[in-house]
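Peer 1: Sequence and predicted structure below; questions after.
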Amino acid sequence: MRYMQRFSRAFLAAAVMFSLSTPVFAQTVDDGLTGTERDEVLELVEGFIRANPGLLKEVLERAGENARYSSIGNVDAIAAAVPEQVRAAFLTPDASMTYLNGSGVPDIVVVVDYSCPYCRTLAPLLEELAVRYPDVVIGLRETPFLAPLSLPAAHTGLAIFEQSPKLYQRYHMNLMTRRGPLSLDAIMDAAYEAGADLSAIGDSLTDELIAKPEHNLALLRQAHLFTTPLIISRKKVTAGGVSMVELEYLLKENE
C-alpha cells in the first residue's frame, strides 16, 4: 500500500504497463517489493484502470484537437499570428520548461512530442546547434498529445529532469534518436541508458509534475496551434521542421 501511494493518478496506467512489459522496470519494482506486495500493487492498478477507462482516451482526444485546429487555416499563417503575450509565455522560464542546453531565459523554445517524427528529425540539429553555439539556451516544452504513449514518455522525462538536467538531455536524445516507433520498452531503455535512477521516477510523479505537460498544452491552446515541433524565438513562431541554416537565422534574428 505504501508503494501504491507514491504513484500519481495520471501515471498509474503507464506504471503497470512498464512493470509488465519491461524487464528493467520490473526488476526495479521487484527490488522494492515482496511478491505479495507487487501482486497487490498490480491488482489495485488494474482496478483503477478499469474504473477509469477514459484515462488514456484523453490523450487521443487531444489528437482530435490537433486536427480541429489544423483545419482553421494555414499552419504557418496561424503561427505568424500568435499574439506577442502568448509567445512571451512560451519563452518565460517556469517549472514546466526543460532544457536541451543551458538554463535560464531561453534563446529558443521547442515544443515537442516523442511520437512526432519531425521532432525526431529536428533533435540532432538542435544538439548540433548547441555544439556550434555553446552559450545558446535551448528550452523544451513537453506536450504529449499525438499518441497515448506520448504521456508516459513525457512524464518519465520530466521526472528525470528533476534528477538532473544532464540525465534528462541524454534521455531526450536517446528517445528522439531511437529506431522504430515509440514503445514502453523504448521509454524505459532510454531512461536506463541515460543513467537515470529508475527507482526514483515513481516518487517524482506527483500532482505538481503531472500538471507540467498540461500547462504546456494550455499554451498551445492559447496559440491555436496543436502541432509539433513548434519553435519559438524572441521574434517569431515557426511551425514544423527546419534546417540548420534556419535555426541559425532564428538565433541571428534574436540579436
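Peer 2: Nice, I can see it. Only a predicted model underlies this, so the values are computations on that prediction, with no experimental measurement involved.

Peer 1: From now on I want contacts and neighbour counts done on CA atoms only, so please keep to that.
Peer 2: Will do.

Peer 1: Please report how far residue 169 lies from residue 219.
Peer 2: 23 Å (Cα to Cα, to the nearest Å).

Peer 1: and what of residue 124?
Peer 2: 25 Å.

Peer 1: Looking only at neighbour counts, state which of those two leads.
Peer 2: Ranked by neighbour count (other Cα atoms under 10 Å), residue 124 and residue 219 place residue 219 first, with 19 against 15.

Peer 1: can you give me how far whichever strand or helix holds that one is from the chain middle?
Peer 2: Element membership for residue 219 (DSSP states H and E) is helix 207-223. In terms of Cα atoms, centre = their mean, to the nearest Å, the centre of helix 207-223 is found 11 Å from the chain centre.

Peer 1: which residues are in contact with that helix?
Peer 2: Applying Cα atoms under 8 Å, 6 or more residues apart in numbering, the set of residues contacting helix 207-223 from outside is 8, 10, 79, 82-83, 86, 89-90, 95-96, 141-144, 154-155, 158-159, 226.

Peer 1: quick one: buried residues of that helix?
Peer 2: 209, 210, 212, 213, 214, 215, 216, 217, 219, 220, 223 (16 or more other Cα atoms under 10 Å).

Peer 1: can you pull the pLDDT of residue 24?
Peer 2: The model reports residue 24 with a pLDDT of 34.

Peer 1: Please disregard the earlier target; I meant residue 48.
Peer 2: 51.

Peer 1: For residue 186, see how far away residue 134 is.
Peer 2: Counting by Cα to Cα, the gap from residue 134 to residue 186 is 29 Å.

Peer 1: who has more neighbours, those two?
Peer 2: Between residue 134 and residue 186, counting by other Cα under 10 Å, residue 186 is the more crowded of the two (19 against 12).

Peer 1: right, and that one touches residue 178 too?
Peer 2: Yes - between residue 186 and residue 178 there is a contact under Cα atoms under 8 Å: 7.4 Å.

Peer 1: so how far is stretch 131-140 off the chain centroid?
Peer 2: 19 Å.

Peer 1: Kindly provide the whole-number mean pLDDT of that stretch.
Peer 2: Average pLDDT, stretch 131-140: 96.

Peer 1: Just the buried residues from the contacts of helix 207-223, in ChimeraX please.
Peer 2: Those of the contacts of helix 207-223 that count as buried under 16+ other Cα under 10 Å are selected in ChimeraX with:
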select :8,10,79,82,90,96,141,142,143,144,154,155,158,159,226
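
Peer 1: Now go through the contacts of helix 207-223 and say which are in helices.
Peer 2: 79, 86, 89, 90, 154, 155, 158, 159 (DSSP state H).

Peer 1: could I get those residues as CSV with pLDDT and distance to residue 112?
Peer 2: Shown next, in CSV, are these (pLDDT from 0 to 100; distance: Cα to Cα, whole Å):
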residue, pLDDT, distance to residue 112
79, 85, 15
86, 94, 17
89, 96, 16
90, 97, 13
154, 95, 9
155, 94, 13
158, 96, 13
159, 95, 16
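
Peer 1: Can you tell me which of these lies closest to residue 109?
Peer 2: For the ones in helices among the contacts of helix 207-223, the closest approach to residue 109 (Cα to Cα) belongs to residue 90, at 7.0 Å.

Peer 1: Quick check: that closest one vs residue 107, distance?
Peer 2: Taking Cα to Cα, one finds residue 90 at 11 Å from residue 107.

Peer 1: Quick check: residue 165 touching residue 99?
Peer 2: Yes - assessed by Cα under 8 Å, residue 165 is found in contact with residue 99 at 7.0 Å.

Peer 1: ok, which stretches of the protein are helices?
Peer 2: Going by DSSP H, the chain shows helices at 2-6, 12-21, 23-32, 35-51, 57-70, 75-80, 84-91, 117-132, 150-163, 165-176, 184-194, 201-204, 207-223, 244-254.
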